[in-house]
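Asker: make a model of this:
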Amino acid sequence: MQAEIIISGFGGQGTLYAGQLMAYAAMDEGKHVTWIPSYGPEMRGGTANCTVVISDDEIGSPTALHPTAVIAMNLPSLDKYEPLIKPGGYLIVNENMVNRAAVRDDIHVLMVPASTIAREIGNERAANMVLLGALEGNMHLLEEGALEGALEAHTAARLKRFIPMNIEALHRGAEFQAG
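Answerer: Here you go, the predicted model:
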C-alpha cells in the first residue's frame, strides 16, 4: 500500500499540522513516511500545503504529481488540486470555504462543513482535524485510534489541553462517508 496525500489551504488553517499528525501516526505504526511542507513567505493568510506519503515499502519519491487524496481547505486549493487526483482517489473539501462543487465524477468527493463543525466543538481552528478525520474515516490508511494516539504522543505539553477537542473533531469528520 502507498498513498500520497496533499493537504492545502491558507496559512494558519493547520494544513501543515494535519499532515504532520498523519505522518507521526503512520511512523508510530512502523510505516515508511515522508512529510514535505510548502508555504509562502507570508505564512499566515498565504498559501500553505504539505505532501504526505505513507507506504508499507520504501518510498521512491516524496512528491505527488497525481495524489491519491487531497484535503482542500479553501477554494484556491480545490481549483489547483482537484484536476491532479488519481481516478478513484479522494477529494475532501471544507465546503464552508468554497463556492462551488467539485466537477470530477471519477473520484470520491466529500463536501464537509468543517468550519461549522469545528465551531460547534468550540474552536474553528479544529476544521483541519475534522477534514483529517473524514479522510481517514474513508481511506482507512492507519489502524483505528492511530491519529488519537499520535495526538497524545506528539502534542507539546503546553497544547495538551486541546487534545480532547481535536479527538472529537477527528470523530465528527469520520462520520462523513463518500457515496
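Asker: can you show me the helices along this protein?
Answerer: Under the criterion DSSP state H, helices of the chain are mapped to 15-28, 75-81, 114-121, 127-139, 146-154, 163-174.
Asker: quick one: closest of those to residue 69.
Answerer: helix 127-139 (6.0 Å; C-beta to C-beta). Every C-beta, even on glycine, is put in place using the N, C-alpha and C of the backbone.
Asker: burial of residue 148, as a residue count?
Answerer: 15 (other C-beta atoms under 10 Å).
Asker: that one touches residue 167, doesn't it?
Answerer: Yes. At 5.2 Å, residue 148 counts as touching residue 167 under the criterion of C-beta atoms under 8 Å.
Asker: per-residue confidence averaged over stretch 74-82?
Answerer: Taken as a whole, stretch 74-82 carries a mean pLDDT of 94.
Asker: now swap in stretch 160-174 and tell me
Answerer: In the prediction, stretch 160-174 has an average pLDDT of 94.
Asker: residues in contact with the residue sitting nearest the centre point of the chain?
Answerer: The residue lying closest to the centre of the chain (C-alpha atoms, centre = their mean) is residue 132, at 4.0 Å. Residues in contact with residue 132, defined by C-beta atoms under 8 Å, 6 or more residues apart in numbering, are 7, 18, 21, 22, 71, 147, 170, 173.
Asker: correct me, but residue 134 touches residue 174?
Answerer: Yes. Between residue 134 and residue 174 a contact is recorded at 6.5 Å, counting by C-beta under 8 Å.
Asker: quick check: residue 77 vs residue 71, distance?
Answerer: As for residue 77, its distance to residue 71 is 8 Å (criterion: C-beta to C-beta, to the nearest Å).
Asker: also residue 113?
Answerer: 14 Å.
Asker: and the two? which has more neighbours close in?
Answerer: When residue 113 and residue 71 are compared for neighbours, residue 71 comes out ahead with 32 against 16, by other C-beta under 10 Å.
Asker: show the contacting residues for the more buried one.
Answerer: 5, 6, 7, 8, 9, 15, 18, 92, 93, 131, 132, 135.
Asker: low-confidence stretches in this protein?
Answerer: 40-46, 179 (pLDDT under 70).
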